[in-house]
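Enquirer: Whatever this is, show me its structure:
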Amino acid sequence: MQAETNRNIKAIVTDIAEGFVTLNPIYLKPFSEDQLKLLYETIGRRQIDVRAEPFPYNNVDAIRLRNLKLQRLYTALIVLKNYAREKKMNVDAKEVKIKKKIAYF
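Expert: Next up, the predicted model:
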């Protein structure tokens, strides 16, 4: 299983966006927590890259492909978040709870 997880994360995310790979719990099973965090961050960056591309006005097919890529990436993020939650892992760095300081007078 170790050889299977030594893959290029960026290539996996590109394959997800193009529709060649679908994330599911069985596919994510051999990944470690650090690899899942890296995959989560890379999917988020890829979403930003797709949104940053110029919008293809007057080209219905290009708009459809762009929206399909965004939908696949978003679905992959949701599957990854739910898988990590089931395994009690934290892949989203933004969800770290901050302790509030309470001042007693």
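Enquirer: what about the helix of greatest length in the chain, distance to the chain center?
Expert: Criterion DSSP state H: the longest helix present in the chain is helix 60-86. Taking the mean of its C-alpha atoms, helix 60-86 sits 8 Å from the chain's own mean (C-alpha atoms, centre = their mean, to the nearest Å).
Enquirer: count of residues packed around residue 8?
Expert: 10 (other C-beta atoms under 10 Å). No exception for glycine: its C-beta is placed from N, CA and C like everyone else's.
Enquirer: what pLDDT does it get?
Expert: On the pLDDT scale, residue 8 is placed at 89.
Enquirer: now do residue 12
Expert: On the pLDDT scale, residue 12 gets 92.
Enquirer: Secondary structure element holding the residue lying closest to it once chain neighbours are set aside?
Expert: Leaving aside its sequence neighbours, residue 12 sits nearest to residue 21 (C-beta to C-beta, 6 or more residues apart in numbering; 6.4 Å). For residue 21, there is no host helix or strand (DSSP states H and E).
Enquirer: Do I have it right that residue 33 meets residue 89?
Expert: Yes - counting by C-beta atoms under 8 Å, residue 33 touches residue 89, with 4.8 Å between them.
Enquirer: between those two, which one's more packed in?
Expert: Between residue 33 and residue 89, residue 89 has the larger neighbour count (other C-beta under 10 Å), namely 17 against 13.
Enquirer: what about that one, is that helix, strand or coil?
Expert: coil (DSSP: H, G, I helix; E, B strand; the rest coil).
Enquirer: Who are the contact partners of it?
Expert: Applying C-beta atoms under 8 Å, 6 or more residues apart in numbering, we find residue 89 in contact with 33, 36.
Enquirer: confidence score at it?
Expert: pLDDT at residue 89 comes out at 81.
Enquirer: how close does residue 26 get to residue 59?
Expert: 37 Å (C-beta to C-beta, to the nearest Å).
Enquirer: of those two, who's got more company?
Expert: residue 59 (11 against 8).
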